[in-house]
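Peer 1: sharing a model prediction with you, sequence too.
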Amino acid sequence: LSYANSSGGGETSDSYDARVWDQFFVQNEPVAAQVPWMMAIGNHEMEPWYSADGYGGVRARFAMPDNAWAASTGIYSWRYQNVGLISLDGNDICYNTPANLNYTKGKQAAFLKSTLAAMRADTTIDFIVVYFHQCAYTTCPSNGAELGAQQDWAPSFDKYQVDLVLNGHNHVYERTDPIKAGKATRELASGDTVNPKKDGTVYVVAGGGGDDIYKFPSSVAETYLGHETKNTDPIPMKYSDPDGNDKTVKVTWSRVRYRGHSILVVDAIPGAPGKPARLDV
């Protein structure tokens, strides 16, 4: 969020300047004064000088919703009209920056499953959106993809037909084809429609929100609306294994890639007689 902990390792040896938080809030006050910020925890929010989990500084600055899991930070659910939303703490499953790896001892995964089940049982919720900092699926090698999210959370996304997963961490824009059981089910053109029950979940990285922009592999072309390229060759996806070692595999689901600043706008349109509900991204 603020990069007060500019190193982002969750260690007491990290570079830290608390005044950056003040600059962050001054900069964003014109928007935050009018629009609620439903924030998610990232690796730069681990500030270990203030609490065992490193989130003491964040707790002092952000009020969590009443249903936040076990009075934790950044793990909660909420709804906007016909959309159920879940915020998760990606540090809990992060092999890339493991300072808080498995600190919830599986309890966050249980919270996710029970919340997804309740949302899917609610007939007034048409869409489910899950968001967390680390990237479940990305081909940007700077921070890579997060194997922990793929192994621990993606099966629940499949089971409960999550419509959209939003991530940051890598400072690029990338949108996948719908993914189920770790593989793309079909190519998804811009403006196309996804049925998560049949197709799977779409994953979007929109991490180019203000800091320096990262790069994709040099052999990978950018592709975006008005600049579409047909992806036929597998693209390398870098990730860290449980021991922190970097691995690379080839994937085919990267459909939109853009090295620039990014913002994601999502409109939820309720259903009407003869017209299904829509989530326009």
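Peer 2: It's in.

Peer 1: give me every residue that touches the most centrally placed residue in the chain.
Peer 2: What sits nearest the mean C-alpha location of the chain, by CA atoms, centre = their mean, is Asn167, with 2.1 Å. For Asn167, the contacting residues are 90, 131-136, 138, 203-207, by CB atoms under 8 Å, 6 or more residues apart in numbering. Every C-beta, even on glycine, is put in place using the N, C-alpha and C of the backbone.

Peer 1: of these, closest to Ser7?
Peer 2: Within these, distances to Ser7 taken as CB to CB reach their minimum at His133, with 15.4 Å.

Peer 1: measure that closest one to Ala121 for me?
Peer 2: Distance from His133 to Ala121, counting by CB to CB, to the nearest Å: 28 Å.

Peer 1: so between those two, which is more surrounded?
Peer 2: Using other CB atoms under 10 Å as the criterion, His133 and Ala121 rank with His133 on top: 27 against 9.

Peer 1: I figured that one hits Ile41, correct?
Peer 2: Yes: the pair His133 and Ile41 qualifies as a contact (CB atoms under 8 Å) at a distance of 6.4 Å.

Peer 1: if I look at these two, which residues touch both of them?
Peer 2: Contact with both His133 and Ile41 is made by residues Gly90, Asn91, according to CB under 8 Å, 6+ apart.

Peer 1: pretty sure Gln27 is in a helix, no?
Peer 2: Yes: read with DSSP: H, G, I helix; E, B strand; the rest coil, Gln27 is one of the residues of a helix.

Peer 1: for the chain, what spans make up the strands?
Peer 2: Applying DSSP state E to the chain gives strands spanning 76-80, 83-87, 127-131, 164-167, 173-176, 179-180, 183-184, 202-206, 235-240, 246-251, 254-258, 267-269, 278-280.

Peer 1: out of the ones you listed, which is closest to Gly148?
Peer 2: If we rank the strands of the chain by CB to CB, the stretch that ends up nearest is strand 235-240, at 8.8 Å.

Peer 1: let me see the mean pLDDT of the closest one.
Peer 2: Strand 235-240 shows a mean pLDDT of 95.

Peer 1: next: stretch 117-127.
Peer 2: Mean predicted confidence for stretch 117-127 is 97.

Peer 1: gap between the two ends of that stretch?
Peer 2: This stretch, stretch 117-127, spans 13 Å end to end (CA to CA, to the nearest Å).

Peer 1: quick one: buried residues of that stretch?
Peer 2: Neighbour-count burial for stretch 117-127, counted by 16 or more other CB atoms under 10 Å, picks out Met119, Ile125, Asp126, Phe127.

Peer 1: can you check stretch 252-266 too?
Peer 2: Applying 16+ other CB under 10 Å to stretch 252-266 flags Trp253, Ser254, Arg255, Val256, Arg257, Tyr258, Arg259, Ser262 as buried.

Peer 1: which among the residues you listed gets closest to Ile269?
Peer 2: Nearest to Ile269 among the buried residues of stretch 252-266: Val256, at 21.8 Å, using CB to CB.

Peer 1: thinking again about what came up before, including distance to Gln27, could the strands of the chain go into CSV?
Peer 2: Shown next, in CSV, are these (distance: least, CB to CB, whole Å):
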stretch, distance to Gln27
strand 76-80, 25
strand 83-87, 22
strand 127-131, 22
strand 164-167, 22
strand 173-176, 22
strand 179-180, 35
strand 183-184, 38
strand 202-206, 19
strand 235-240, 32
strand 246-251, 34
strand 254-258, 24
strand 267-269, 26
strand 278-280, 29
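
Peer 1: between the ones you listed, which one is closest to Thr12.
Peer 2: Across the strands of the chain, Thr12 has its closest neighbour in strand 235-240 (21.9 Å, CB to CB).

Peer 1: nothing else from me, thank you.
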